[in-house]
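# predicted model and sequence below, questions to follow.
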Amino acid sequence: MREFSPIALAPGLLNRLAEWCERREIDEVYGSVVQSDLRKTPSLLDWYEKRGFDVWQPSDECLPNAVKMVVWRRRASIVVGE
């Protein structure tokens, strides 16, 4: 059985999530980043930004111990010639 590291799987999973959200016209997906995530992977916020996520200060919707919030937003569709 072939083994995959979480780092190798994550980009593909995020791409699939984005495609799924696009098809269902979901406008926004957010996640919480906690301090232990950043200790394990110091470049995590850059990693999310490179994949189209915005990094914000945590909101009330985040986990209580969140230090950052990552947000993906659906690309706006442009309709020409209406």
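Done, it's in. Residues are numbered from 1 along each chain as shown.
# now Gly31: which helix or strand?
Assessed by DSSP states H and E, Gly31 sits inside strand 28-34.
# average pLDDT for that strand?
Averaging pLDDT along strand 28-34 yields 92.
# who's in contact with the spatially closest residue to Glu61 that is not a sequence neighbour?
Nearest non-adjacent residue to Glu61, counting by C-beta to C-beta, 6 or more residues apart in numbering: Tyr30, 6.7 Å away. (C-beta placed from N, C-alpha, C; glycine too.) Contacts of Tyr30 were listed using C-beta atoms under 8 Å, 6 or more residues apart in numbering, and they are 59, 61-62, 69-72.
# would you list every one of the helices in this protein?
6-23, 35-40, 44-50 (DSSP state H).
# deepest-packed of the ones you listed, please.
helix 44-50 (a mean of 15; mean count of other C-beta atoms under 10 Å).
# neighbouring contacts of that helix?
Residues outside helix 44-50 that contact it (C-beta under 8 Å, 6+ apart) are 33, 37-38, 41, 55, 68, 70.
# now the buried members of those.
Among the contacts of helix 44-50, those classed as buried by 16 or more other C-beta atoms under 10 Å are 33, 37, 68, 70.
# how near is Ser59 to Glu28?
According to C-beta to C-beta, to the nearest Å, Ser59 stands 12 Å off from Glu28.
# now the strand holding Gly31, how far from the chain's geometric center?
Taking C-alpha atoms, centre = their mean, to the nearest Å, the mean C-alpha location of strand 28-34 is offset from the chain mean by 6 Å.
# got any ranges where this structure has weak pLDDT?
For the chain, the stretches with pLDDT under 70 are 1-9, 76-82.
# my read is that Val34 contacts Pro64, right?
No: counting by C-beta atoms under 8 Å, Val34 does not reach Pro64; the two are 9.5 Å apart.
# the two - which one has more neighbours?
For the pair Val34 and Pro64, the greater number of neighbours falls to Val34 (15 against 8), based on other C-beta atoms under 10 Å.
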